[in-house]
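Colleague: Provided below are the primary sequence and the corresponding predicted coordinates.
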Amino acid sequence: MIKKILGVVALVVVAFLAYIATRPGSYRVERSVVVAAPAETVYGAVADLRRWGEWSPWEKLDPGMKKEYGGTPAAPGSTYHWAGNDKVGEGRMTLVEASPPSRLAYKLEFLKPWQSVSTSDFTLAPEGAGTRVSWSMRGELGFVEKGFGVFMDMNAMIGKDFEQGLASLKQVAEAGAR
């Protein structure tokens, strides 16, 4: 009887591991908002990493986190390193592409509580009298991350933060445009 139970458990574990192996090896999350401000105004708030504190959803999770900035603000190579509580962890962003006022790309490195690397992009395009701002993040998933993905939806989890951040960015940019 015990052998049958162990056999069934082993079969379930093997089936679950096989299922994880078939999961996608990458992810992409994207959200957008229309801001009643010129692209140059929005671009300034996103390109200068020192200004992320004005609108970033993560800054509010740990107002006391340590921050270090490097490089020329809003220029490729500029960096932002943070270390905070369990909600924000530790990481680094590096501006890798800047095409004012329409596109920015960042290399995003999470160092703690787990290590991963992803790319975050902002695209800004005219829409009506304002600017459509799209914020995306994409990255690769290892086997363990794929396993977590069975229980946690990256799109829902990160997307909620992007929505909060874009809503704050909208307020900051629209106030700056007045």
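Modeller: It's in. Residues are numbered from 1 along each chain as shown.

Colleague: name the residues of stretch 4-23 that are buried.
Modeller: For stretch 4-23, the neighbour count (16 or more other C-beta atoms under 10 Å) marks residue 20 as buried. For every residue, glycine as well, the C-beta is placed using N, CA and C.

Colleague: other residues contacting it?
Modeller: With C-beta atoms under 8 Å, 6 or more residues apart in numbering as the test, stretch 4-23 has contacts from 141, 143, 146-147, 149-150.

Colleague: try stretch 85-105
Modeller: By C-beta under 8 Å, 6+ apart, the surrounding residues in contact with stretch 85-105 are 38-40, 42-43, 46-47, 49, 58, 61-62, 64-65, 71, 74-84, 106-113, 119-125.

Colleague: buried only: go through these for me.
Modeller: Among the contacts of stretch 85-105, those classed as buried by 16+ other C-beta under 10 Å are 38-39, 42-43, 46-47, 49, 58, 62, 65, 74, 78-84, 106, 108-109, 120-124.

Colleague: residue 125 - nearest residue in space that isn't next to it in sequence?
Modeller: Nearest residue to residue 125, sequence neighbours excluded (C-beta to C-beta, 6 or more residues apart in numbering): residue 132, at 4.9 Å.

Colleague: chain center to the one helix or strand the one you found maps to, what's the gap?
Modeller: Taking DSSP states H and E as the criterion, residue 132 maps to strand 130-140. Put simply, strand 130-140 sits 9 Å off its chain's centre (C-alpha atoms, centre = their mean, to the nearest Å).

Colleague: could you give the average pLDDT over it?
Modeller: Averaged across strand 130-140, the pLDDT comes to 94.

Colleague: report the beta-bridge partners for the most centrally placed residue in the chain.
Modeller: The chain has residue 137 as the residue nearest its centroid, 5.1 Å off, counting by C-alpha atoms, centre = their mean. Beta-bridge pairing for residue 137 (DSSP bridges): residue 29, residue 120.
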